[in-house]
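Undergrad: what shape does this take:
(chains A, B, C and D)
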There are 2 protein chains.
Amino acid sequence: MPRDLRMSRILHVLIHMDRHVERATSEQISKMISTNPVVVRRLMGGLRDRGIVTSEKGHGGGWKLSRPLTEVTLRDVYDAVGAPPLFNIGPHAEPSECLVEKAVDAQLDASLSEAEVRLLAQFSTISVESLARDFEDRFARMQQDGRGAPNTPNPHTGFHRLAGKS
Amino acid sequence: MPRDLRMSRILHVLIHMDRHVERATSEQISKMISTNPVVVRRLMGGLRDRGIVTSEKGHGGGWKLSRPLTEVTLRDVYDAVGAPPLFNIGPHAEPSECLVEKAVDAQLDASLSEAEVRLLAQFSTISVESLARDFEDRFARMQQDGRGAPNTPNPHTGFHRLAGKS
DNA sequence: AAGACATGAAACTTGGAATGTTACGTAAGC
DNA sequence: GCTTACGTAACATTCCAAGTTTCATGTCTT
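TA: Here you go, the predicted structure:
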């Protein structure tokens, strides 16, 4: 339903890099998230500027995590992709002359701002590592309970088989 | 910053109708919010379907409030405009084959869903009347404190001068 | 030094959603 | 019968994320 997929995509990439590959080129990463190398560079550029990943040119170059995912929060990722508008609804951008409109916009904005603060605060408390681990735990439990999910071994590039032996 | 202005516009219209005009045509309303009569009909159609306003055709027709704004919540308005996606960010629509991606999307969706439930719950507690009154109170206070805001008498169609004598 | 491999960045195209617009149909009042 | 107004379909416009093309820059290998 939503629109801006950048956060979702970056999280996807970060976890793959942590779990499966030490160093990855934009080309390789673009296959993970089914897109173009240039799009990957745009996304990763924000992460590099914030010290979450490093990039190296030339032969053997590519992207590497520069700190453990325990030290990267959802808030960091959100900021790294440019802190796009959280909400799809809201008041006008430019203020109006109309007092009623200004009143409505101010009140509506107050509700949304409060919700935004809360959500971003929650993002700050969630590390990418814990996000990945939550899932892996649940998946492992399913696995050992009566007949787990399919565990289809069909990844993008040959990686995968998450949450087996760690 | 945001995109979907429908809620903001409808609130604007509802308060104007309650405060200033008993009955208004799509033409008149369109001038309030600087748009087209057809756009107004689209917006108001949702309200009519939910019993918030009534419409009448022909001479002397137009739109009227069918219940007091004390009995219309922000949630009602949100639903009436089609309950558009609240968030601008989020995971993909179609599920992926990749387990990592599914994990990321599920976790991200969980955070967003929780925030959505909270925000909509809050919308349910706020009536359009109280939203308007909050502003009017604050405005009146500014007015009597040392020299209030300009109180510019320049509305859309000649209405206005909110929060004077009620 | 030459060539291959990567990132960096600018410029343009594409696609979807809200909005704006035009046109026509239907109902109500004069 | 004519004007007024809503109801609706169809199309145009605008905005932004995403996709794409192209070239420049830096780095490793031979």
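
Undergrad: every contact and neighbour count from this point should use C-alpha atoms.
TA: Noted.

Undergrad: show me what contacts A:Arg141?
TA: By C-alpha atoms under 8 Å, 6 or more residues apart in numbering or on different chains, no residues touch A:Arg141.

Undergrad: buried residues, the helix or strand hosting it. List them.
TA: Assigned by DSSP states H and E, A:Arg141 belongs to helix A:128-144. Going by neighbour count (16 or more other C-alpha atoms under 10 Å in any protein chain shown), the buried part of helix A:128-144 is A:Val128, A:Glu129, A:Leu131, A:Ala132, A:Phe135, A:Glu136, A:Phe139, A:Ala140, A:Gln143.

Undergrad: what distance do you get for the last one to A:Asp134?
TA: Relative to A:Asp134, A:Gln143 is positioned 14 Å away (C-alpha to C-alpha, to the nearest Å).

Undergrad: give me the subset of the buried residues of helix A:128-144 touching chain B.
TA: Among the buried residues of helix A:128-144, the residues lying close to chain B (C-alpha under 8 Å from any C-alpha of the partner chain) are A:Leu131, A:Ala132, A:Phe135.

Undergrad: touching, the last one and B:Ala103? I think so.
TA: I take that to be A:Phe135. Yes. In terms of C-alpha atoms under 8 Å, A:Phe135 counts as a neighbour of B:Ala103; the distance is 5.9 Å.

Undergrad: related to what we said a few turns ago, looking at the buried residues of helix A:128-144, spot the one nearest B:Glu56.
TA: Closest approach to B:Glu56 among the buried residues of helix A:128-144 (C-alpha to C-alpha): A:Leu131, at 54.0 Å.

Undergrad: pretty sure that closest one contacts B:Gln107?
TA: Yes. Counting by C-alpha under 8 Å, A:Leu131 touches B:Gln107, with 6.7 Å between them.

Undergrad: contacts only, for the nearest residue in space to A:Gly82 that is not next to it in sequence.
TA: With C-alpha to C-alpha, 6 or more residues apart in numbering or on different chains as the criterion, A:Gly82 has its nearest non-adjacent residue at 7.2 Å, and that residue is A:Gly46. A:Gly46 is in contact with A:Ala80, A:Val81, A:Gly82, counting by C-alpha under 8 Å, 6+ apart.

Undergrad: export these as CSV, with columns for secondary structure, neighbour count and distance to A:Thr70.
TA: Output for those, formatted as CSV (DSSP: H, G, I helix; E, B strand; the rest coil; neighbours: other C-alpha atoms under 10 Å in any protein chain shown; distance: C-alpha to C-alpha, whole Å):
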residue, secondary structure, neighbour count, distance to A:Thr70
A:Ala80, helix, 23, 16
A:Val81, coil, 18, 19
A:Gly82, coil, 13, 21
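
Undergrad: turn these into TSV, including pLDDT and distance to B:Glu27.
TA: What follows is the contacts of A:Gly46, written out as TSV (pLDDT from 0 to 100; distance: C-alpha to C-alpha, whole Å):
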residue	pLDDT	distance to B:Glu27
A:Ala80	95	45
A:Val81	95	43
A:Gly82	92	40
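
Undergrad: up against DNA strand D, what does chain A have?
TA: Where chain A comes near DNA strand D, counting by C-alpha under 7 Å from any atom of the strand, the residues are A:3-6, A:34-39, A:56-61, A:84-85.

Undergrad: circling back: any idea of the mean pLDDT in the helix holding A:Arg141?
TA: What helix A:128-144 shows for mean pLDDT is 85.

Undergrad: is the biggest helix by length in chain A in proximity to DNA strand C?
TA: When chain A is parsed with DSSP state H, its longest helix is helix A:99-125. No. Against DNA strand C, helix A:99-125 shows no contacts by C-alpha under 7 Å from any atom of the strand, the least distance being 13.3 Å.

Undergrad: can you point out the buried residues in that helix?
TA: A:99-109, A:112, A:115-116, A:119-120, A:123-124.

Undergrad: for DNA strand D, what's the nearest residue on chain A?
TA: A:Gly58 (2.7 Å; C-alpha to the nearest atom of the strand).

Undergrad: host element of that residue?
TA: Judged by DSSP H and E, A:Gly58 forms part of no helix or strand.

Undergrad: next, count neighbours for it.
TA: 6 (other C-alpha atoms under 10 Å in any protein chain shown).

Undergrad: so where's chain A shaky on pLDDT?
TA: For chain A, the stretches with pLDDT under 70 are A:1-2, A:146-166.

Undergrad: one more time with 90, if that's ok
TA: Residue ranges of chain A with pLDDT under 90: A:1-3, A:22, A:92-103, A:134-166.

Undergrad: what does it put close to DNA strand C?
TA: Counting by C-alpha under 7 Å from any atom of the strand, chain A sits next to DNA strand C at A:1, A:24-27, A:37-38, A:41, A:44-45, A:55-63.

Undergrad: mind giving me the ChimeraX select for these, buried ones only?
TA: Selection of buried members from the residues of chain A next to DNA strand C for ChimeraX, criterion 16+ other C-alpha under 10 Å:
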select /A:24,25,26,37,41,44,45,55,62,63
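
Undergrad: restricted to strands, list the residues of chain A next to DNA strand C.
TA: The strands, defined by DSSP state E, take in A:Ser55, A:Glu56, A:Gly62, A:Trp63 from these.
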